[in-house]
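Peer 1: sequence unknown, structure follows:
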């Protein structure tokens, strides 16, 4: 197997991190809507109320981290 080394500047690394954070936050936001409507399985807890609360906490955490990178809350 051939190995390839790639050199990235800090702005590119930051952009990759930001895009991944947004991607995972959006997945949890979509699951939150589905969970509220009873159309998906538990993500963090089998208790629906606790699961919804934990999803909201995780979304807030993603938003806090994204604000560190200068991203506006969407």
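Peer 2: Good, I have the coordinates. Keep in mind that what you see is a predicted model, and the values were worked out from it rather than measured.
Peer 1: Verify the contact between residue 35 and residue 51 for me.
Peer 2: Yes - assessed by Cβ atoms under 8 Å, residue 35 is found in contact with residue 51 at 6.0 Å. For the C-beta atoms, the positions are set from N, CA and C on the backbone; glycine is no exception.
Peer 1: Need the overlap of contacts for those two.
Peer 2: 42, 43 (Cβ atoms under 8 Å, 6 or more residues apart in numbering).
Peer 1: Counting neighbours, which bits of the helix or strand where residue 67 lies end up buried?
Peer 2: If you go by DSSP states H and E, residue 67 is part of helix 48-68. Residues 51, 52, 54, 55, 58, 59, 62, 63, 66 are the ones in helix 48-68 that count as buried (16 or more other Cβ atoms under 10 Å).
Peer 1: so what's the fifth one up against?
Peer 2: In this structure, residue 58 makes contact with 25, 28, 44, judged by Cβ under 8 Å, 6+ apart.
Peer 1: Mind doing that once more with 7 Å?
Peer 2: Residue 58 sits next to residue 28 when contact means Cβ atoms under 7 Å, 6 or more residues apart in numbering.
Peer 1: follow-up on the earlier one: quickly name whichever of the buried residues of helix 48-68 is closest to residue 11.
Peer 2: Residue 11 lies nearest to residue 66 out of these, by Cβ to Cβ, at 16.0 Å.
Peer 1: Would you mind listing the residues in contact with the nearest residue to residue 36 once chain neighbours are set aside?
Peer 2: Closest residue to residue 36 apart from its sequence neighbours, by Cβ to Cβ, 6 or more residues apart in numbering: residue 52 at 6.3 Å. Contacts for residue 52 (Cβ under 7 Å, 6+ apart) come out as 32, 35, 36.
Peer 1: cool, residue 27 as well?
Peer 2: With contacts taken as Cβ under 7 Å, 6+ apart, residue 27 has no neighbouring residues.
Peer 1: ok and the host helix or strand of it relative to helix 48-68, angle-wise?
Peer 2: Assigned by DSSP H and E, residue 27 belongs to helix 10-36. The directions of helix 10-36 and helix 48-68 differ by 160 degrees, with axes from the mean of the first three to the mean of the last three Cα atoms, to 10 degrees as the criterion.
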